[in-house]
Every structure is written in structure tokens, then in C-alpha cells.
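Visitor: Compute the structure for the input listed below.
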Amino acid sequence: MAGAARTPAFGQAVIGPPGSGKTTYCLGMSEFLRAMGRRVAVVNLDPANEGLPYECAVDVSELVGLSDVMDALRLGPNGGLLYCMEYLEANLDWLRAKLDPLRGHYFLFDCPGQVELCTHHGSLRSIFSQMAQWDLRLTAVHLVDSHYCTDPAKFISVLCTSLATMLHVELPHVNLLSKMDLIEHYGKLVTPL
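Guide: From the prediction side, this is the model:
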């Protein structure tokens, strides 16, 4: 994806805490875009994400798997995931070789849900920065479970996390409330939606 003469590629880096619906969003968005006649490549950047419901164009688990890392290095899930992202960052030539043939597709990157990867750890930001060097222009889509709107402390916390993510990731950013279909089951809202 290098070279000034090449047409830029575009996509979304789908981020958010665990269970916020990133994988479901990628599935739904890929189906929507395909129905609109767009070529779509869903890229799984989460080495812990197993049993993907979508057709995966690139899967980081082919390069590094969380359970293998945890077993080999005796790390827990958090340390293992950080190691996996650092390993991907050190092996970006692998990712570029996988993405290059997909030039012309719209990319959806299904990212890991570990919050610190988007708030203060440098690997994911570095990976996105390198993609920009390849002329792959991304927008961060930050999913937040709508149940956080039911409690003032949770709501303020998620706003702070979203802001920290926006500042750290350094991409154009869209915050989305997910699971809005379940909002009535959560109880009274702090603020009207």
C-alpha cells in the first residue's frame, strides 16, 4: 500500500470494551456494505476472538494466538493480549502482506476489547499509525454498551474512557452506543436518548 500513485484505502477500526458488540457490529456492517455493492474485508485483530461469525479476510490468530502465548510465556489473559499486540506491531510486514491484495476493499478492523490498548498502551496506536503510512485511512468507531446510560457514575466513567481513547488513538473518532434494542431492559436512564 505504499507509493504516492496508489489510491488510498479506507476503513473503520472498531474498538470498545469487552462485550460492547464489536464483532457483531463488524458482521452487521459487512452485511450492510455488501448489500450496497461494496467490497468489504473484515480483519480480525483480536487474537482471543474465536468462532468468528463473519467471513474473515485476515485473522491475526494466524500470526499469534492468545492461548499459545499464555501457555508458552505463562502469562494471564491481559498480559498475553498485550504481548500479542506487541508481536503484531513487531511483525507489521505480515499484516501488510495480507492487506495489500485486498486493496480496493473497504476495511473493518475488529480490535481487541482490552481498554488499556486504546487508552494508554502504544501498540494499537502504532499499528494504526503505520497503516496510515500505507495510505490506509481509518476512522475509529468506539462502541459503548448502552447500559452505561443507566447509572450516573458509569455514564461519567464511560465518557472519560471515550475521551481518553479519542486522545490516545489519534484517529477521526465516532462514539456509538451499542445494544440500544436492550435499553428498556436496563431500567431508568440517567439522560434521555
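
Visitor: Pop out the phi and psi values for the residue positioned nearest the centre of the chain.
Guide: Centroid-nearest residue in the chain: residue 111, 2.6 Å away (criterion: C-alpha atoms, centre = their mean). Dihedral angles phi and psi of residue 111 (degrees, to the nearest 10) take the values phi -90, psi 160.

Visitor: The one 5 residues further on too?
Guide: According to degrees, to the nearest 10, the main-chain angles of residue 116 amount to phi -60, psi -20.

Visitor: cool, residue 129 as well?
Guide: Main-chain torsions, residue 129, degrees, to the nearest 10: phi -60, psi -40.

Visitor: do the same with residue 103
Guide: Residue 103 has phi and psi values of phi -60, psi 130 when expressed as degrees, to the nearest 10.

Visitor: Could you report the neighbour count for it?
Guide: Number of residues near residue 103 (other C-beta atoms under 10 Å) recorded here: 15. Placement of C-beta: from N, CA and C, glycine included.

Visitor: Equivalent analysis for the one 10 residues further on, please.
Guide: A total of 21 residues lie near residue 113 under the criterion other C-beta under 10 Å.

Visitor: what does residue 112 give?
Guide: 24.

Visitor: quick one: it and residue 82 touch, right?
Guide: No: using C-beta atoms under 8 Å, residue 112 is not in contact with residue 82, being 9.4 Å away.

Visitor: Just the helices from the chain, written as ranges.
Guide: With DSSP state H as the criterion, the chain has helices at 22-35, 66-73, 77-90, 92-99, 116-119, 123-133, 152-169.

Visitor: in the last one, what's buried?
Guide: Buried residues in helix 152-169, counting neighbours by 16 or more other C-beta atoms under 10 Å, are found at 155, 158, 161, 162, 165, 166, 168, 169.

Visitor: Check the fourth one too.
Guide: Neighbour counts using 16+ other C-beta under 10 Å place 92, 94, 95, 96, 98, 99 of helix 92-99 among the buried residues.
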